[in-house]
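1. Quick one, what's the 3D model for this:
(2 chains)
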Amino acid sequence: MPKLNPPKGTRDFYPDQMAWHQHLLDAWRRVSVRNGFEQVQGPVFETLELYKVKSGDGIVSELFSFRRANGKTDFALRPEFTPTLARMVAAKANSLPRPIKWFCTPNACRAERPQRGRLREFWQWNVDLLGLEGPGADAEVVFTLLDFLQEIGLKPDDAKVKLSHRDVVAQVLAGLGLEPERTDDAFKLLDARDKMEADAFAAQAAELGLDATAVERFTQVSGKTYAISDVAALTADLGLSEPPADLVALIDQLTAFGVADWCEIDLGIVRGLAYYTGTVFEVHETGGKSRALAGGGRYDKLIELFGGPAMPAVGFGMGDVVLTNLLEDKGLLPAELGDRPDAFVFATDDAGAARVAPVVAQLRRGQLHARMSYKTTRNVGKLLKDAEKARARFAVLVGGDQIQTKHLATSTQQTVSPDQLLAQLSPRPGAD
RNA sequence: GUGAUCGUAGCUCAGUUGGUUAGAGCACCGGGUUGUGAUCCCGGGGGUCGCGGGUUCGAAUCCCGUCGGUCACCCCA
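-> Down below sits the predicted model:
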């Protein structure tokens, strides 16, 4: 038998890792729900065709695609959730109450070589708000994202939402003399900016037909971030007579949601995707060079593209890999996340051994998380140590003639009758 | 797909110019100290040195190849 390794770029979740993974999924869900989003789910594979709608044939090499033996249909493991979401919304667009506020936390697979922050299988939190126009929807989605970052222990010093707006950037570029049909090329160049030498960037900008002054202004502005309160400086640097209305409206809404201190403006953010139509944003670690923690924006034409009615939409995705890396670096990964037992039951003498199973059964039927020792030793010290290691709230010492409970945090020990046991061990609000 | 770098026990590592049956600490498992979370003691499982060739009387050690991990490029929905 050859070595059976997990496939490249996938992870096995042993109990320790699974405890964190579940904690993360729970946090994503908790934050989504309190922000008014409903959970959805779709298939882990779709027809290959679905993934070509948005991304074209070029996407195929990045997918795990397959065909059944003797089958005629090509399928692919989902590389992202958005096509599924668009398909689901398009299919029932006219019967769904609006706005549509959905979230999900699916896994996704991409056939790329793994590296830091990117694996071949990952989990991604998707939050989408459809059927609602205007910057208020954009801001609510951004608020939800920030609500999570705060929930997980991050502060505005740790990470920032970099906001931009495609129309504003396009407007600025036009003002600098860019031909409208070259706007997409300019977006691509902006997206690649961080990985280019300054003069190479300037040279390519010049190729777009911008003159020297325009290139300089464009370079300067796209490489700079502005505090959300500093739109005046941005306006001046852009040489505009008044602040861009779209940006001002968005800022006003974010301020109303109380998250201005998390946000900054960075017109260099355009996102690679061609389908974004307005607001775009990414979350980055402050000062960090790692890839974006999350990214999203407005995609008002997408539902149409998938055969649905015209419907405005805004959303974002956040992967588990980069986030976990960041939290690990910052020491924010919580320790001891596993499920704590309410009781750890063991026998203190041979007569007690026969009574362990009934006690455990009673506790479990009473909704308690009860574990027991599988050891034959009657060494109470050792067994208590096991109870402690299991992080149980109570040890239950079962002897032939009595049952004792020991609250491990306080070392309070008392003898209880069998019919009192369940009530005594049941968690009370406010207690541990 | 391109490039760099690393592979000895679950983890961190040791292993002398190549030389008997490859070691330690921690972790894990069982037991003891006639028992209450410490300390201590005894015992145990676990490695074909990533894998495959080659050189050699002899390879964890030298050479070649390959696989895997990590990082960067491409791409990033």
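
2. and stretch A:305-320, which residues are buried?
-> A:306, A:308, A:311-320 (16 or more other CB atoms under 10 Å). Just so you know, the C-beta spots here come from the backbone N, C-alpha and C atoms, and that holds for glycine as well.

3. no no, stretch A:207-221
-> So, applying 16+ other CB under 10 Å, buried residues of stretch A:207-221: A:208, A:210, A:214-215, A:217-219, A:221.

4. Which one of those residues is nearest to RNA strand B?
-> A:L208 (17.0 Å; CB to the nearest atom of the strand).

5. Isn't that closest one up against A:T183?
-> No: using CB atoms under 8 Å, A:L208 is not in contact with A:T183; the gap is 9.5 Å.

6. where does A:P7 land in three-state SS?
-> coil (DSSP: H, G, I helix; E, B strand; the rest coil).

7. I should have written A:T405 there, sorry.
-> Applying three-state DSSP: A:T405 is strand.

8. Nearest residue to it in space, please, no chain neighbours.
-> Closest residue to A:T405 apart from its sequence neighbours, by CB to CB, 6 or more residues apart in numbering: A:F394 at 5.2 Å.

9. so what pLDDT did A:R371 get?
-> We have a pLDDT of 92 for A:R371.

10. oh sorry, the question was meant for A:I100
-> Value listed for A:I100 in the pLDDT field: 97.

11. Which residue, other than its chain neighbours, is closest to A:T219?
-> Per CB to CB, 6+ apart, closest to A:T219 is A:A202, 5.8 Å.

12. Now do the contacts for that neighbour.
-> A:215-216, A:219 (CB atoms under 8 Å, 6 or more residues apart in numbering).

13. again, but for A:P135
-> A:246, A:249-250, A:252-253, A:279.

14. near RNA strand B, which residues of the stretch 251-400 of chain A show up?
-> A:271-273, A:290-291, A:295, A:317, A:348-349, A:374-382, A:384-385, A:387-389, A:397 (CB under 7 Å from any atom of the strand).

15. Now the lengthiest strand in chain A: average pLDDT?
-> If you go by DSSP state E, chain A has its longest strand at strand A:121-130. The average pLDDT for strand A:121-130 rounds to 96.

16. Mind listing what's buried along the following helix or strand past it?
-> Using DSSP states H and E, the helix or strand that follows strand A:121-130 in sequence is helix A:135-151. Using 16+ other CB under 10 Å as the test for burial, helix A:135-151 gives A:135-149.

17. again with stretch A:223-239
-> A:225-226, A:228, A:231, A:234-235, A:238.

18. Tell me which residues are up against it.
-> In contact with stretch A:223-239 (CB under 8 Å, 6+ apart) are residues A:160, A:162-163, A:172, A:175, A:193, A:217, A:220-221, A:242-244, A:247-248, A:251, A:254-255, A:260, A:263-268.

19. count of residues packed around A:Q362?
-> Applying other CB atoms under 10 Å, we find 16 residues neighbouring A:Q362.

20. and it, what is it in contact with?
-> A:Q362 touches A:418, A:421-422, counting by CB under 8 Å, 6+ apart.

21. which one of the residues you listed has the most neighbours?
-> Going by other CB under 10 Å, A:L421 tops these with 22 neighbours.

22. quick one, what contacts A:G175?
-> Counting by CB under 8 Å, 6+ apart, A:G175 makes contact with A:238-240.

23. Shouldn't A:A76 be within a strand?
-> Yes: under three-state DSSP, A:A76 falls within a strand.

24. List the buried residues in stretch A:89-106.
-> Neighbour-count burial for stretch A:89-106, counted by 16+ other CB under 10 Å, picks out A:89-90, A:93, A:99-106.

25. List the ones among those residues that fall in strands.
-> Using DSSP E, the subset of the buried residues of stretch A:89-106 located in strands is A:100-104.

26. Could you export those residues to TSV, including columns for distance to RNA strand B?
-> As requested, those are exported to TSV (distance: CB to the nearest atom of the strand, whole Å):
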residue	distance to RNA strand B
A:I100	19
A:K101	19
A:W102	16
A:F103	16
A:C104	14
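
27. Excluding sequence neighbours, find me the nearest residue to A:G177.
-> Leaving aside its sequence neighbours, A:G177 sits nearest to A:A214 (CB to CB, 6+ apart; 5.4 Å).

28. tell me which element the one you found is part of?
-> Per DSSP H and E, A:A214 falls inside helix A:212-222.

29. pLDDT of that helix, averaged?
-> pLDDT averaged over helix A:212-222 gives 78.

30. Which element is encountered next along the chain beyond it?
-> For helix A:212-222, the following helix or strand on the C-terminal side (DSSP H and E) is strand A:226-227.

31. Quick one: distance of the following helix or strand past that following strand to the chain centre.
-> Next in sequence after strand A:226-227, counting helices and strands by DSSP H and E, comes helix A:231-238. Taking CA atoms, centre = their mean, to the nearest Å, the mean C-alpha location of helix A:231-238 is offset from the chain mean by 33 Å.

32. now swap in stretch A:257-265 and tell me
-> With CA atoms, centre = their mean, you get 19 Å for stretch A:257-265.

33. Contacting RNA strand B as well, which ones from the contacts of A:G175?
-> Okay, of those, nothing touches RNA strand B (CB under 7 Å from any atom of the strand).

34. Closest to RNA strand B out of those residues?
-> For the contacts of A:G175, the nearest to RNA strand B is A:L238 (24.7 Å; CB to the nearest atom of the strand).

35. Please tell me how far that closest one sits from A:M196.
-> 21 Å (CB to CB, to the nearest Å).

36. Other residues contacting stretch A:38-53?
-> Outside stretch A:38-53, the residues that reach it (CB under 8 Å, 6+ apart) are A:29, A:32-33, A:59-60, A:63, A:65, A:73-79, A:81, A:83-88, A:101-107, A:305-306.
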